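> model this:
(2 chains)
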Amino acid sequence: MSNKKTDKYKQQETILDELPEHEKSRMDAEDYATTGHEWDGIREFDKPIPRWWLWSYYLSIIWAIGYVIAYPAIPLINDYSKGLLGWSSRGAVSEEISIAKLAQAKYVDALKAASLGDISANEQLMTFAVEGGKSAFAVNCVQCHGSGATGSKGYPNLNDDEWLWGGKLEDIYTSIAHGIRYDENEDTRYSEMPAFLQDEILEKQDILNVANFVRSFSNLDHDANLALQGAVIYAENCASCHGDNGKGDQEQGAPNLTDAVWLYGSDQATLVKTISNSRRGVMPAWSHHLDDTVIKQLTLFIHSRGGGQ
Amino acid sequence: MANLINNIAKTPNNNAANHPLADDVKAVNGHHNRDLFEAKKKIYPQRTSGNFRNFKWVSMIILLGFYYIGPWLRWDRGPTSPDQAILIDFAHSRFYFFFIEIWPQELYYIAGLLILSAFALFLVTASVGRAWCGYACPQTVWVDLFIWVERLLEGDRNARMRVDNSKWTLRKFILRFAKHSIWLTIAVLTGGAWIFYFVDAPTLFWQLLSFDAPFVAYGTILFFTLATYFFGGHLREQVCIYMCPWPRIQAVMMDVDSLVVTYHEGRGEPRMSVKKAIKAQAANQPTGDCVDCNMCVVVCPMGIDIRDGIQLECITCGLCIDACNDVMDKVGKPRGLIAYDTINNEQIRKEKPNATQNDGIRWPWHNVRNYVYLGLFLAVGFIMLYSLATRARFSISALHDRNPLYVQLSNGAIRNNFEIKLLNMQGKARRFVLYTQGLKNVTFSTSTLKDNFSEVVFVTIEPDRVKSIRAFVTVQKNSLPDDRQQDFKIIAQEINGPEQDIYAAKFHTPKKTK
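Residues are numbered from 1 along each chain as shown, chains lettered A, B, ... in the order given. Down below sits the predicted model:
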């Protein structure tokens, strides 16, 4: 096989030698005919590019010069060449943002004018509101409530159907706008469970008894005797807010003690701690920081998570 | 390669000196005349007539006709879909081709089309060589059209050369002005037709005229106008020789049994003029059938001499075959001195001009590979047709909320949230009922408001739309599955219709606590 190849190659060589005189004149220098590169007997001819191709290179160079003049291109020590067009990527982005804002304006205006109920009845407005609420939530709320609005210990899960201050649109709006126990806002939602041990209202044993009684509401493991004693203390100290049957009162922000959702935990130690020291979580009043439209969007987003009433 | 060099060495250039047009008749891109230090040499292809020329006319009329008229064909799809027969609707992510409508998730049909085209190209190249280049490539077709315009205005080869070489006169100016105007008009129409494939053609047409069309439309037209004008009018064969990768790729697919345009060297050589041949015959010297009239060179749009053998520049358009057959008829010799043949046959005939099957002459479709290509092409084609005919026009898919995976409800129930997408790929509104299978004591609804709880969801999907709904699947405490992930199905059944689609989903529950 290899012999055959060499033969072929030799044949080519002799043919080149036998070329007529006028052809030879072009081929006289061996390095003109080929580049000297050779792979498996295949040699690379040395053929210059066509002239129009050369011109395309020149045109590219001219284009590059024009580009350097027109656009930011040369880094300087403290600055960079701005270019005649004054284009900048930051400017381009802010232009895009202002175009997007302009396109949103019609919906934003509609949101401003409409009531929460009207918005949720209008599919198009609702979609816009929920999407806007989603991004506002990601910026302002995820720090406490988590990226999936699932909350954590002390920070309510916004997906479930348990609401401290009510899960209707208006309730949620008020909570966001005015905050919870947020002193800087006059209309803030306010409730204060006493710290029964700290304020020396109840003894340690009483508190343990009440904790057992509270656990009995939702059939969690409890000592029936202690619970029986706790029932009396509950009726005297707790029922005014949490209700006789422990169903709570959203008007006062008193949690329902009979259900499966616990903000701080349902085990005995946690309950004792809660009753002894009270909790009094705080949420800022967002009307101090956010536009009313954004609060509406947040309200509708949270309502749509699945817990809204 | 050896054969090629052989041809170079044997080509007697001196004969050309006897011809009256010797200086003009040059294979300017022939291997010994090519000097790429110089600017492109203009080629003046002469008009031919014959079978291949006619085939090229027909192919040009069909291809250009389809290209220009295509976007204006209408196809009624009902009031909610566009009525353009061929439409690539990027804005609404749809592709329409007559009765076929393709959605983005069906893009594998496009992949299938590409595979089909690939097999078609393999098949064509392996069997009939560079037929694509010679008859169907846009570059070839538009260059043909541009040369036709040139010929119509300035005349045939010699007249065109005279115009080119003459001083600037009013006539030359008018001719040039007319030529470039018509070229540019064709170019604008070409770019214009292109964009009509992407939006409703009549609407865009009026927008273009009233300057209401988007900038990108004008920009695209400008780009295609310039490309058509320069490629068709000025660059021509340079595109094939220097810019196009296809000739290089084709070389890999061809073998000695592929059809190429060949010069029957054994019959043609030694070439000499008719007068000389008479003398030579009288002196009992050998004469070839080639009368060295150079007609094959003169008509070649690529500027080569086919008698040099198979060359990269040859697009196998067959015009030299037409020209040579004409001459052979005139001098009373059999046709086919230049003809489509395989390299295998050509090599054998070189030694033995009247070779037969016994000498190794083979039918071009000798190769098994061609039948494999044909088989694959047909197989892919049938699979695609079958799947197109039986494909579903409705689909459901559900995205389970990642965060949270489940929600603990106050009464102890667990809820999972889903984003459900329903695709109605028909031009009429359809109503579906959605329900779950595989969970006990379950509610399935699009709202968590207590009054709306139910086990089924009814959805009406607008024609030709994707409907996105948020759905909540809640399982009561006493029926919670033992596994933290329980398989279940979301089933969508058409009401008053046959279509049904099932989505296999998982129901997530928290770790059990005491």
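
> And whichever residue of the stretch 101-250 of chain A sits closest to chain B, what's its pLDDT?
Using CB to the nearest CB, A:Gly148 is the residue of the stretch 101-250 of chain A that sits closest to chain B, at 2.9 Å. In this view, the C-beta of every residue, glycine as well, is placed from N, C-alpha and C. pLDDT for A:Gly148: 90.

> same thing with A:Trp39?
For A:Trp39, the predicted pLDDT is 80.

> separation between it and A:Phe213?
92 Å (CB to CB, to the nearest Å).

> ok, those two, which is more surrounded?
Each of A:Trp39 and A:Phe213 has its neighbours counted (other CB atoms under 10 Å in any protein chain shown); A:Phe213 has more, 26 against 7.

> burial count for the nearest residue to the more buried one once chain neighbours are set aside?
Nearest non-adjacent residue to A:Phe213, counting by CB to CB, 6 or more residues apart in numbering or on different chains: A:Gly230, 3.2 Å away. Residues near A:Gly230, counting by other CB under 10 Å, number 25.

> pretty sure A:Gly230 contacts A:Asn209?
Yes: contact criterion CB atoms under 8 Å: A:Gly230 and A:Asn209 qualify, at 3.4 Å.

> Return the residues in contact with the residue of the stretch 401-514 of chain B at minimum distance from chain A.
When scored by CB to the nearest CB, the stretch 401-514 of chain B has B:Asn403 as its residue closest to chain A, at 2.9 Å. Applying CB atoms under 8 Å, 6 or more residues apart in numbering or on different chains to B:Asn403 gives the contacts A:Gly146, A:Ser147, A:Gly148, A:Thr150.

> Would you map the helices across the stretch 301-450 of chain B?
Under the criterion DSSP state H, counting those that start in this stretch, the stretch 301-450 of chain B carries helices at the ranges B:319-330, B:343-351, B:368-390.

> And the contacts of the longest one?
Okay, so that is helix B:368-390. With CB under 8 Å, 6+ apart, helix B:368-390 has contacts from B:100, B:109, B:112-113, B:115-116, B:119-120, B:122-123, B:126-127, B:255, B:365.

> Low-confidence stretches in chain A?
Applying pLDDT under 70 to chain A flags residues A:1-36, A:46-48.

> domain ranges for chain A?
A:2-45, A:51-87, A:143-307 (automatic domain parsing).

> most tightly surrounded among these?
With neighbours taken as mean count of other CB atoms under 10 Å in any protein chain shown, these reach their highest mean count in domain A:143-307, at a mean of 18.

> for that domain, how far is the first residue from the last?
20 Å (CA to CA, to the nearest Å).

> Please state the offset of that domain from the chain centre?
27 Å (CA atoms, centre = their mean, to the nearest Å).

> For residue 145, which residues are in contact?
Picked chain A for this. A:Phe137, A:Gly151, A:Tyr155, A:Pro156, A:Asn157, A:Leu158.

> You answered for a different chain; I wanted chain B.
For B:Leu145, the contacting residues are B:Met60, B:Leu64, B:Ile186, B:Gly232, by CB under 8 Å, 6+ apart.

> I'd assumed B:Val141 was in contact with the second one.
By that I understand B:Leu64. Yes: look at B:Leu64 against B:Val141 with CB under 8 Å: they come within range, at 6.4 Å.

> Quick one: mark the members of the contacts of helix B:368-390 that sit in strands.
Of these, the ones assigned to strands by DSSP state E are B:Ile100.

> Nearest to chain A, out of the contacts of helix B:368-390: which one, please.
Nearest member of the contacts of helix B:368-390 to chain A, counting by CB to the nearest CB, is B:Asp255, at 17.9 Å.

> wait, what's in contact with that closest one?
Here B:Asp255 is in contact with B:Ala126, B:Asn367, B:Arg369 (criterion: CB under 8 Å, 6+ apart).

> measure A:Ala195 to A:Phe217 for me?
22 Å.

> What segments of the stretch 151-300 of chain B are strands?
Assigned strands in the stretch 151-300 of chain B, in chain order: B:259-263 (criterion: DSSP state E, counting those that start in this stretch).

> Next: chain A.
Secondary structure of chain A (DSSP E): strands located at A:34-39, A:42-45.

> what packs against the shortest one?
Packing partners of strand A:42-45 (3 or more CB pairs under 8 Å, 6 or more residues apart in numbering or on different chains; DSSP states H and E): strand A:34-39.

> Let me see the contact set for B:Ile396.
So B:Ile396 contacts B:Ile420, B:Lys421, B:Leu422, B:Leu423, B:Leu434, B:Ile490, B:Ala492, B:Asp501, B:Ile502, B:Tyr503 (CB under 8 Å, 6+ apart).

> okay if I get the contacts of B:Asp255 as a markdown table plus pLDDT and neighbour count?
Listed next are the contacts of B:Asp255 as a markdown table, based on pLDDT from 0 to 100; neighbours: other CB atoms under 10 Å in any protein chain shown:
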| residue | pLDDT | neighbour count |
| --- | --- | --- |
| B:Ala126 | 90 | 23 |
| B:Asn367 | 78 | 18 |
| B:Arg369 | 87 | 16 |
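
> Could you export those residues as TSV, including distance to A:Ile62?
Formatted as TSV, the contacts of B:Asp255 follow (distance: CB to CB, whole Å):
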residue	distance to A:Ile62
B:Ala126	45
B:Asn367	51
B:Arg369	49
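
> ok, so of those residues, who is nearest B:Ile361?
B:Asn367 (14.7 Å; CB to CB).

> Confirm for me that that closest one is in contact with B:Asp257.
Yes: judged on CB under 8 Å, B:Asn367 makes contact with B:Asp257 at a distance of 4.8 Å.

> Surely the residue of the stretch 101-250 of chain A closest to chain B and B:Arg402 touch.
Yes: using CB under 8 Å, A:Gly148 is in contact with B:Arg402, at 7.5 Å.

> Now B:His264: closest residue in space, sequence neighbours ignored.
B:Leu337 (5.2 Å).

> What pLDDT is listed against that neighbour?
92.

> Do a quick rundown of the helices in chain A.
Assigned by DSSP state H, the helices in chain A fall at A:2-17, A:21-27, A:30-33, A:51-70, A:89-113, A:116-121, A:123-140, A:142-145, A:169-178, A:204-217, A:224-237, A:239-242, A:268-277, A:292-302.

> how about low-confidence regions in chain B?
Along chain B, segments meeting pLDDT under 70 span B:1-39, B:448-453, B:513-514.
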